[in-house]
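Student: just the structure for this:
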Amino acid sequence: MIKPKPKATAVILVNLGTPSVPTRKAVGKFLTRFLSDPRVVDAPRWFWPLLLRSVIVPLRSRKSLLAYQKIWWAEGSPLKVISVQQVETLQAELKNQFGEQAPTVVEACTYAAPSLPEQVGSLEANGIEHFIVIPLYPQYSGTTTGAVLDQLSKVMLVSQDISEFTPVKSFYERPDYIKALADSVRQHWQQHGRHQKLLMSFHGIPEEYVAKGDPYAEHCEQTAQALAEALQLDGSQWAYSYQSRFGPKRWLQPYTEQTLRNWAADGIKKVDVISPAFTADCLETLEELNIVNREIFLSAGGESYEYISCLNNDKKFINVLANIVKERMI
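Tutor: Residues are numbered from 1 along each chain as shown. You can find the predicted model right below:
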């Protein structure tokens, strides 16, 4: 029997995206794309675009620009720099494992360049037949992974000869992912010491999205519980919360900033904070968690606040991605 030739495969790592430069024009362009997606903001389409362009983006772009300027690296946006590193390191790992048959690894962004449709089109033109699409969000939400799958569906909708696509819905429950998270916390404790409590802060979404069926909150709770168990923490040593609220709707609770204020008021002086919802440091971690929430805790009476970085380009996280790819090769 003739063994079929392996299909030419590409791995696309997808993240949110970022402004290309820290200018108000670039930030406004990015925010317009991001907040125009009905997956992100579920508002009536008859008025939201006008409100977005006339009020929301002009006001929010000024505030966001100042935040980006605080965390921008010499090499560029932290999210962009780390995303490129993840692609390069995963490519090297897959070449080490598969040799000449290794899949090609590229990045794509939901709301910035390079886009998912652009990457798929370019790779198809170069003979790729199978795509493993990995949204870099461990916990599924319609606001993140759902938006990626929407774009993937549009790619297939306009194609006469649809390639084979293998999307990854989530990976929050994977033992290798939880172990990578736990090891990153242990490493931080070894270098900086261990504080009284560990707060696991996840990006929030409106409560009504969960009421409509979004499983994100359940995925976050299960991630937090698994990480606490891996670190052998009892209930008094950790908690989870939600950050990054936007707009007037009720979002998932407890809120991160209020949790930190409550802890300080209860006499908790030293905390460690990690955000398992993110796989690469970005505005929400480097500015919101590491600067804004640090100031909230210290001004409320706290004495020491340690932010634990995202997994970023950590070898153990790259191995998680490599394992995901190996399981889906055809």
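Student: would you map the helices across the stretch 1-150 of the chain?
Tutor: 24-36, 48-51, 57-71, 78-98, 116-125, 145-157 (DSSP state H, counting those that start in this stretch).
Student: what lies in contact with the first one?
Tutor: The contact list for helix 24-36, computed with CB atoms under 8 Å, 6 or more residues apart in numbering, reads 16-20, 40-41, 49, 52-53, 56-58, 60-62, 64-65, 68, 110-112. Every C-beta, even on glycine, is put in place using the N, C-alpha and C of the backbone.
Student: quick check on the residues you listed: which are buried?
Tutor: Neighbour-count burial (16 or more other CB atoms under 10 Å) applied to the contacts of helix 24-36 gives 16-20, 40-41, 52, 56-57, 60-61, 64-65, 68, 110-112.
Student: for Phe202, give its distance to Lys95.
Tutor: 34 Å (CB to CB, to the nearest Å).
Student: check Arg33 too.
Tutor: Arg33 is 33 Å from Lys95, by CB to CB.
Student: number of residues surrounding the residue nearest to Glu75 when sequence neighbours are not counted?
Tutor: Excluding the flanking residues, the one nearest Glu75 by CB to CB, 6 or more residues apart in numbering is Val81, at 4.9 Å. Val81: 18 surrounding residues under other CB atoms under 10 Å.
Student: shouldn't Val81 be in contact with Ile71?
Tutor: No: using CB atoms under 8 Å, Val81 is not in contact with Ile71; the gap is 11.3 Å.
Student: burial count for Gly193?
Tutor: For Gly193, the count of nearby residues is 11 (other CB under 10 Å).
Student: the one 3 residues further on too?
Tutor: Under the neighbour criterion other CB under 10 Å, Gln196 is assigned a count of 15.
Student: likewise for the one 10 residues further on?
Tutor: As a burial measure, Pro206 scores 20 neighbours (other CB under 10 Å).
Student: ok, Asn313 next?
Tutor: 18.
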